[in-house]
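Undergrad: Build me a model:
(2 chains)
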Protein chains: 2
Amino acid sequence: MRHYSESALLTDLYELTMLQAYFSRGMNEPAVFEFFVRQVPGERNFLMAAGLAQVLAYLTGLRFEQEDLAWLRASGKFDPDFIESLRDFHFSGDVDAMPEGTIFFADEPILRVTAPLREAQFIESRVINLLHYQTLVASKAVRSVIAAQGRRLIDFGLRRAHGAEAAVLSARASYIAGFDGSATAVAAPLLDIPVFGTMAHSFVQVHDYETDAFATFVRAYPHNATLLIDTYDTESATRQVVRLAQWLQEDGDIRIQAVRIDSGDLDAVARRVRQILDAGGCRDIGIFASGNLDEYALQALVQSDAPINGFGVGTRMNTSSDAPYLDCAYKLVEYAGQPRRKRSSGKATWPGSKQVFRHYDAQGVMSGDTLTSQHDAVVGEPLLQAVIRGGKVLEPSPPLAEIRAYARLQMAGLPSALRALTAAPPYAVTVSSALHEATRLTDERQRALADADRVHWGG
Amino acid sequence: MRHYSESALLTDLYELTMLQAYFSRGMNEPAVFEFFVRQVPGERNFLMAAGLAQVLAYLTGLRFEQEDLAWLRASGKFDPDFIESLRDFHFSGDVDAMPEGTIFFADEPILRVTAPLREAQFIESRVINLLHYQTLVASKAVRSVIAAQGRRLIDFGLRRAHGAEAAVLSARASYIAGFDGSATAVAAPLLDIPVFGTMAHSFVQVHDYETDAFATFVRAYPHNATLLIDTYDTESATRQVVRLAQWLQEDGDIRIQAVRIDSGDLDAVARRVRQILDAGGCRDIGIFASGNLDEYALQALVQSDAPINGFGVGTRMNTSSDAPYLDCAYKLVEYAGQPRRKRSSGKATWPGSKQVFRHYDAQGVMSGDTLTSQHDAVVGEPLLQAVIRGGKVLEPSPPLAEIRAYARLQMAGLPSALRALTAAPPYAVTVSSALHEATRLTDERQRALADADRVHWGG
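TA: Here you go, the predicted model:
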């Protein structure tokens, strides 16, 4: 039996009720849907696309199992003919997408699906669920990467991530964005992400003597122990680390890698700890900090030159705590060859299948994007690339290390003003005149149809 | 092969590094850990416990599979003897917990684990991950239940939930808190939660005529169609619904259940829609509203008496958007019979295994809690109850409907001031003098040990 996260029923019920209505009418012409973010939230100046690999796995693995069909029957909500039709249901369409790690902005589609209506519609809920979360986290985590200026960054977020999938996918998204690894063990066998682990306060507490706790740990990890020093009195613990290091010098094969501070005024504490370590001849013992960190805290610590070599960043990164969701959507833009758009108040969309072209200055820095109709000929780098044709993945997702390298390249091309952690003047995204014209024509056609509708019904 | 969310490796690597150190020293005396929340966040006046059923399933299913051991070997981080010892690793301890749906407050343990050190320590990461998220969501969702004053509430949050597990567990937690059901299909076969589904804007858009879209849907769902009316022009769509209803009257077996509004000023739009429906003789067609709703929006709509019969509440509920995490912890409070506590700045804990006693006034309304040592004799209702003894669940978790009924009873006993959506004067949680005394003794002992440690090391 599949795990529920891989079930076709991990979807909004309305996808199924709509499908049954389409089935009853025989409606299944080609449809185009696009995923985009309506607004860049919080103080972010850009977003970073992530989650495509999981979307591809979902689309290529999509099928209804016996147990799914059994529930559909038992629910009493669906006709036997419709349920029967789901036996062969799979994704046979095309997908174009921005590669993971691509920087993007509001209203720019990062995924376009072209498929028979029922397939393109059905996948909505889980495609959003997968793209939204990793994009949310990558876009948050990259801000810590900017702030850390090369200091080591480890994802510490499993415990307060919103469930198991969030824990694992935030390890992935933050690694893409430039983190050095994760504390979540399963991220290593599952995603080949480097994992790191130290000790908890409880480790110190179960030993009667703090020094004894440190000595036990160093003996178990003679080359890479990181000792947590803030359980009782941080300065006193640091002095114990110094004495332990001096005592261990006799055994040349043992070395304490770092100490970790998890509470208090990290800047002041780190300086005092550094002093004590240096005075004791422990210049090569690093200082690692954790505890409620986010990009703002990191920036303050780095700018004040606090002697901290690396950071554990958890909860605030993987819940994207200042903006825990993106205002994103997966919207129909074309059906049966006709562009479509909704005009709902505050949620209007651009019609027709689209492409985003990126422009660069002579130094290779991004100078503006053009959002236009898919077949409009614009000079620039087209950001949406073919990834699935006829239900088949064109080439497998690159290894995570390659995606991470691509994201780093993207960051190198980001205008420096957009690297600020506070709101900068917005990056130029131009909507082409072709797209404006397409919008006018779509509205005109839809209004004419609405008039005909009213006349028909006598309104 | 197990899904990764059920793997023993879904844990922080440090649990394993600590375990190896304990193993190397033969440390495995009984330990007591407690899960609690340090602070009630945002404008909440209380929290609601949830997630225990998933914790029990985790603890009773915990084991290392061949593939887990293979990774531990391949990682090069662990000794063969230690890895071998994990073959038989399972949870053999005791658990006491507040039943799901219990109202609780800062510093009150809602789960207490008593087990051999390695077991009690190892489970930390996933136990927090499971208890934190559902408690977060139940505590947020119950605010919408208060605000809705009996109007129907449906969880709409799958798409922007942080992954699959968050989607499913937020359907569960919000149902416990009093929601009527979820839009997430898999919540029905998996958790026996009622599920509901309507249509998306795309359903309207793929039809040339909006009325045609409505007619198709009503024919597919003749008894319970909910029609989405804000794709183009809400008033015009409402008039079409009226005409369609009049036309359908000829067929007595068809009835439109409701219309849904998903954008704009919901109060004003709902009033206008109600007028049009009533004027057209459609008094029994309900109005359902969705779109960026939370408890504050619901309260405003209900207090102004907007004619809305039910609400879809999604993203802001299942990301707990105003407070997307709880400052919670799972902390060692006792080892080898000795109470322990950390004194880290801002994160100090109460020592020893504890119990929470609740007091009630003559009307059965909660009048205060006492936080005290486990064996302290206090008159009142003890909130932590035995759920696992010797690794065996005493009785299976009650059906969800029973948990939901219990949560409703809890809400009936909540002091009315705490039902406010803004901060009320805090509920009285008294720390007993016995616990103060235990804290003093623990600190005294720990300071004496620290002095001995310094003397021993010549500090």
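Undergrad: The helix or strand encompassing residue A:311 pairs with which strands, and in what direction?
TA: Following DSSP states H and E, one finds residue A:311 within strand A:310-313. Looking at strand A:310-313 with DSSP bridges, its paired strands and their directions are strand A:152-155 (parallel), strand A:286-289 (parallel).
Undergrad: Using TSV, please lay out those strands together with distance to residue A:307.
TA: Quick note: C-beta positions are derived from backbone N, CA and C, even for glycine. TSV is the format used below for the strands paired with strand A:310-313 (distance: least, Cβ to Cβ, whole Å):
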stretch	distance to residue A:307
strand A:152-155	14
strand A:286-289	6
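Undergrad: As CSV, those strands with mean pLDDT and mean neighbour count would be great.
TA: As requested, the strands paired with strand A:310-313 are exported to CSV (pLDDT from 0 to 100; neighbours: other Cβ atoms under 10 Å in any protein chain shown):
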stretch, mean pLDDT, mean neighbour count
strand A:152-155, 98, 25
strand A:286-289, 98, 23
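Undergrad: out of the ones you listed, nearest to residue B:169?
TA: strand A:152-155 (21.0 Å; Cβ to Cβ).
Undergrad: Could you point out the helix or strand that follows the closest one?
TA: helix A:164-177.
Undergrad: Next, the angle helix B:164-177 makes with that following helix.
TA: 140 degrees (axes from the mean of the first three to the mean of the last three Cα atoms, to 10 degrees).
Undergrad: Could you confirm residue A:78 falls within a helix?
TA: No - secondary structure assignment (DSSP: H, G, I helix; E, B strand; the rest coil) places residue A:78 in coil, not in a helix.
Undergrad: who wins for proximity to residue B:49 among the strands paired with strand A:310-313?
TA: The stretch from the strands paired with strand A:310-313 with the least distance to residue B:49 (Cβ to Cβ) is strand A:152-155; that distance is 27.5 Å.
Undergrad: mind listing the strands for the stretch 201-350 of chain A?
TA: Secondary structure of the stretch 201-350 of chain A (DSSP state E, counting those that start in this stretch): strands located at A:225-228, A:256-261, A:286-289, A:310-313, A:328-335, A:338-339.
Undergrad: helices and strands around the longest one, which ones?
TA: With contacts defined as 3 or more Cβ pairs under 8 Å, 6 or more residues apart in numbering or on different chains; DSSP states H and E, the secondary structure elements packing on strand A:328-335 are strand A:30-37, helix A:124-148, helix B:201-205.
Undergrad: tell me the most buried of the ones you listed?
TA: Taking mean count of other Cβ atoms under 10 Å in any protein chain shown as the contact definition, the stretch among the helices and strands packed on strand A:328-335 with the greatest mean neighbour count is helix A:124-148, which reaches a mean of 26.
Undergrad: In CSV: the helices and strands packed on strand A:328-335, plus distance to residue B:336 and mean pLDDT.
TA: Formatted as CSV, those follow (distance: least, Cβ to Cβ, whole Å; pLDDT from 0 to 100):
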stretch, distance to residue B:336, mean pLDDT
strand A:30-37, 53, 98
helix A:124-148, 40, 98
helix B:201-205, 62, 94
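Undergrad: Can you give me the buried ones in stretch A:301-308?
TA: A:301-302, A:306-308 (16 or more other Cβ atoms under 10 Å in any protein chain shown).
Undergrad: same question, stretch A:59-69
TA: In terms of neighbour count (16+ other Cβ under 10 Å), stretch A:59-69 has its buried residues at A:59, A:62-64, A:68-69.
Undergrad: can you tell me if it touches chain B.
TA: Yes - taking Cβ under 8 Å from any Cβ of the partner chain as the criterion, stretch A:59-69 and chain B are in contact, through A:67-68.
Undergrad: cool, and stretch A:156-176?
TA: Yes - interface with chain B: stretch A:156-176 contributes A:156, A:158-170 (Cβ under 8 Å from any Cβ).
Undergrad: same question, stretch A:33-50
TA: Yes - contact between stretch A:33-50 and chain B is present through residue A:33 (criterion: Cβ under 8 Å from any Cβ).
Undergrad: first to last residue in that stretch, what's the distance?
TA: End-to-end span of stretch A:33-50 (Cα to Cα, to the nearest Å): 18 Å.
Undergrad: And for stretch A:367-387?
TA: End-to-end distance (Cα to Cα), stretch A:367-387: 26 Å.
Undergrad: and what of stretch A:391-406?
TA: Distance between the boundary residues of stretch A:391-406 (Cα to Cα) amounts to 26 Å.
Undergrad: Pass me the low-pLDDT residue ranges in the stretch 51-200 of chain A, would you?
TA: Across the stretch 51-200 of chain A, no stretch falls below the confidence threshold (pLDDT under 70).
Undergrad: for the spatially most central residue of chain A, what are its contacts?
TA: Compute the mean C-alpha point of chain A, and by Cα atoms, centre = their mean the closest residue is residue A:134, 2.0 Å away. In this structure, residue A:134 makes contact with A:50-51, A:54, A:100, A:169-170, A:172-173, A:176, judged by Cβ atoms under 8 Å, 6 or more residues apart in numbering or on different chains.
Undergrad: right, and out of these, which lies closest to residue B:330?
TA: Here the nearest of the contacts of residue A:134 to residue B:330, counting by Cβ to Cβ, is residue A:170; it sits at 19.8 Å.
Undergrad: correct me, but the closest one touches residue A:155?
TA: Yes - here residue A:170 lies in contact with residue A:155, judged by Cβ atoms under 8 Å, at a distance of 6.5 Å.
Undergrad: what's the overlap in contacts for these two?
TA: In the contact map built from Cβ under 8 Å, 6+ apart, the residues linked to both residue A:170 and residue A:155 are A:141, A:317-318.
Undergrad: check these against chain B, which are close?
TA: With Cβ under 8 Å from any Cβ as the criterion, the members of the shared contacts of residue A:170 and residue A:155 in contact with chain B are residue A:318.
Undergrad: ok, whichever residue of the stretch 351-459 of chain A sits closest to chain B - how many residues close by?
TA: The nearest approach of the stretch 351-459 of chain A to chain B comes at residue A:453, 4.3 Å away (Cβ to the nearest Cβ). By other Cβ atoms under 10 Å in any protein chain shown, the residues close to residue A:453 number 19.
Undergrad: Residue A:442 now?
TA: The local packing count at residue A:442 equals 20, with neighbours defined by other Cβ under 10 Å.
Undergrad: circling back to that earlier point, nearest to chain B, of the contacts of residue A:134?
TA: Top of the list for closeness to chain B, among the contacts of residue A:134 and by Cβ to the nearest Cβ, is residue A:169 at 5.8 Å.
Undergrad: how close does the residue nearest to the closest one when sequence neighbours are not counted get to residue A:400?
TA: Distances taken as Cβ to Cβ, 6 or more residues apart in numbering or on different chains place residue A:134 nearest to residue A:169, at 5.3 Å, with adjacent residues excluded. Shown here: residue A:134 relative to residue A:400, a distance of 12 Å by Cβ to Cβ, to the nearest Å.
Undergrad: what do you get for residue A:43?
TA: Using Cβ to Cβ, we find residue A:43 at a distance of 28 Å from residue A:400.
Undergrad: Thanks a lot, see you next time.
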